[in-house]
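*Asks:* Predicted model and sequence below, questions to follow.
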Amino acid sequence: MMIEIGGTFDLEVLKQTDFGVYLDAGDLGEILLPNKHKPDDLGVGDVVEVFLYLDSEDRPIATTQVPKAEVGEFAYLEVKENTPVGAFLDWGLDKDVLVPFAEQHRPMVVGKSYLVFLYLDNQERITATSKIDKYVRNDPDHGFYPQQAVELIIANSTEMGYKAIVDQSHWGLLYKDEVDQRISFGQTVPGYVKHVRFDGKIDLSLKSGQQIRDALSETILSYLGQHGCYAPVHDKSPPKEISDLFGMSKSQFKKTIGGLYKQKIIAIEEAGIRLL
């Protein structure tokens, strides 16, 4: 395994000093874990999980603090300070991460949060950028598949819905009319791949296929229970009638009543459906 700046690794303690312990970081050599972040019972030969970065003098250093994101990841981070070299963001470590002016999509404001990507600059320093588009991958051979559970970072909204970063790598789309909860920019939420289009673009859902089917079934059964066990629509009714009654598409309605019919929960009659 390649040990690199900007990642988390399990490293062995080589020696102890008055100011901390030195860890075996492979090709990076011996790296200091200062006493302030060292477990009290850590000794030579023990293995400890640490994050590696550069200190204020650009020397590799280790910490047991957990950053909000590592190199190669996106995160929604708050601006703590503006300086002549750029904005510094709180990412969970004692040393804040810099967004140079050239890497700011728009001027950053102290106290506000921004979606950024972390990378190594040409001096191996961990740096952030809010110009995230160039880091979200667009290749169609991504390997995502329908019903796959994924992690979503809400990036922005469009007329159709919400663009989200799927598992820290690709763009996906949540359709507005399928989102029944409040979501906000920068929020990380669990989701599912709903459909992968022929060009590799990813349609998303906040619910699994089974959760959606259960919710649609509950909508129909609730209506039937409140209206004398009968609804005056069936699989050949006009889409608008179905939408007005149940708030779902004709395709969703047909699949749902087909499932309820197979389970012998409803009967499909000439003019409508009836709860058995």
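*Replies:* Structure's in. What do you need?
*Asks:* Name the nearest residue to residue 49, ignoring sequence neighbours.
*Replies:* residue 10 (5.3 Å; CB to CB, 6 or more residues apart in numbering). Glycine gets a C-beta too; all of them are placed from N, C-alpha and C.
*Asks:* tell me the contacts of the one you found?
*Replies:* Under the criterion of CB atoms under 8 Å, 6 or more residues apart in numbering, the neighbours of residue 10 are 47, 48, 49.
*Asks:* Would you write a ChimeraX line that selects the buried entries of these?
*Replies:* The ChimeraX selection below is limited to those of these classed as buried (16 or more other CB atoms under 10 Å):
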select :48
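*Asks:* on that earlier part again, my guess is the residue nearest to residue 49 is in a helix, correct?
*Replies:* No - counting by DSSP: H, G, I helix; E, B strand; the rest coil, residue 10 falls outside a helix, being strand.
*Asks:* The stretch 151-276 of the chain: helices as residue ranges?
*Replies:* Secondary structure of the stretch 151-276 of the chain by DSSP state H, counting those that start in this stretch: the helices cover 209-226, 239-246, 250-262.
*Asks:* Out of those, which is closest to residue 54?
*Replies:* helix 209-226 (44.6 Å; CB to CB).
*Asks:* what's the distance between the closest one and the middle of its chain?
*Replies:* Centre-to-centre, helix 209-226 and its host chain are 28 Å apart (CA atoms, centre = their mean, to the nearest Å).
*Asks:* Could you tell me the angle between it and helix 239-246?
*Replies:* Orientation check (axes from the mean of the first three to the mean of the last three CA atoms, to 10 degrees): helix 209-226 against helix 239-246 gives 80 degrees.
*Asks:* With just CA atoms, put helix 209-226 into CSV.
*Replies:* Output in CSV follows, covering the C-alpha atoms of helix 209-226 (Å, rounded to 0.1, in the frame of the first residue of the first chain):
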residue,chain,number,x,y,z
GLY,A,209,-37.2,0.5,-5.1
GLN,A,210,-38.9,-1.5,-2.4
GLN,A,211,-39.5,1.6,-0.3
ILE,A,212,-41.1,3.4,-3.3
ARG,A,213,-43.3,0.3,-4.1
ASP,A,214,-44.4,0.1,-0.5
ALA,A,215,-45.2,3.8,-0.4
LEU,A,216,-47.3,3.6,-3.6
SER,A,217,-49.1,0.6,-2.3
GLU,A,218,-49.9,2.4,0.9
THR,A,219,-51.3,5.4,-1.0
ILE,A,220,-53.7,3.2,-2.9
LEU,A,221,-54.7,1.1,0.0
SER,A,222,-55.3,4.2,2.2
TYR,A,223,-57.5,5.7,-0.4
LEU,A,224,-59.5,2.4,-0.8
GLY,A,225,-59.9,2.2,3.0
GLN,A,226,-61.3,5.7,3.2
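*Asks:* Who are the packing partners of it?
*Replies:* strand 230-231, helix 239-246, helix 250-262, strand 273-275 (3 or more CB pairs under 8 Å, 6 or more residues apart in numbering; DSSP states H and E).
*Asks:* If we use 6 Å, what do you get?
*Replies:* helix 250-262 (3 or more CB pairs under 6 Å, 6 or more residues apart in numbering; DSSP states H and E).
*Asks:* just checking, what packs against the helix it packs on?
*Replies:* helix 209-226, helix 239-246.
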